[in-house]
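*Asks:* predicted coordinates and the sequence they were generated for:
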Amino acid sequence: MATSTDGFIRPQIASRLHRAGQPVETTRKPAVWTLARRGYSGSGRLDVWVYRTKKAALRAGAELACICFADLEEQQTARTLSDAGKYQQVLDLYENTHPDTHLLRVQVAFLQDDDGDHGDG
């Protein structure tokens, strides 16, 4: 039976180990794609949303960024990039034109195992 939460948690590349003369070792761990935003609330609050895919998170982030641009020229540039599917470029533009206290970023978030593995090596 499918639910509305199916497909959110998927194996993602957690690390790649390169050793001379040996095949690359890739480790995958369960993770979700997130969109994190900090900025205009004034309290330093960090809002985080979870998406099924990186593309969905990037698209949502680009839409949010387009709304947040106060400068009309930047807003038009962001809208043009978004319409062309260049969502990461919209997020980069947002972060480059806003104060360091603002954040709008898509990244993978790994789930912690019950065995105490916290992803720190």
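*Replies:* That came in fine, so what should we check first?

*Asks:* just the helices in this structure please.
*Replies:* 54-68, 72-83, 87-97 (DSSP state H).

*Asks:* need these in CSV (columns: distance to residue 9).
*Replies:* C-beta: built from backbone N, CA, C; applies to glycine. Formatted as CSV, these follow (distance: least, CB to CB, whole Å):
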stretch, distance to residue 9
helix 54-68, 14
helix 72-83, 27
helix 87-97, 22
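
*Asks:* quick check: residue 101 touching residue 39?
*Replies:* Yes - the criterion here is CB atoms under 8 Å, and residue 101 meets it with residue 39 at 7.0 Å.

*Asks:* okay, the two: which has more neighbours?
*Replies:* Between residue 101 and residue 39, counted using other CB atoms under 10 Å, the more crowded position is residue 39 (18 against 10).

*Asks:* who are the neighbours in contact with the residue lying closest to the more buried one once chain neighbours are set aside?
*Replies:* Spatial nearest neighbour of residue 39, excluding adjacent residues (CB to CB, 6 or more residues apart in numbering): residue 102 at 3.9 Å. Counting by CB atoms under 8 Å, 6 or more residues apart in numbering, residue 102 touches 38-40, 94-95.

*Asks:* residue 20 versus residue 90, what's the distance?
*Replies:* 40 Å (CB to CB, to the nearest Å).

*Asks:* these two: which has the busier surroundings?
*Replies:* Each of residue 90 and residue 20 has its neighbours counted (other CB under 10 Å); residue 90 has more, 27 against 4.

*Asks:* quick one: that one and residue 83 touch, right?
*Replies:* No - with contact defined as CB under 8 Å, residue 90 does not count as touching residue 83 (9.9 Å).

*Asks:* hang on, the earlier thing: ok, of the contacts of residue 102, which come out buried?
*Replies:* Neighbour-count burial (16 or more other CB atoms under 10 Å) is assigned, among the contacts of residue 102, to 38-39, 94.

*Asks:* mean pLDDT and distance to residue 34 added to the helices of the chain, as TSV?
*Replies:* Listed next are the helices of the chain as TSV, based on pLDDT from 0 to 100; distance: least, CB to CB, whole Å:
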stretch	mean pLDDT	distance to residue 34
helix 54-68	94	7
helix 72-83	94	19
helix 87-97	94	13
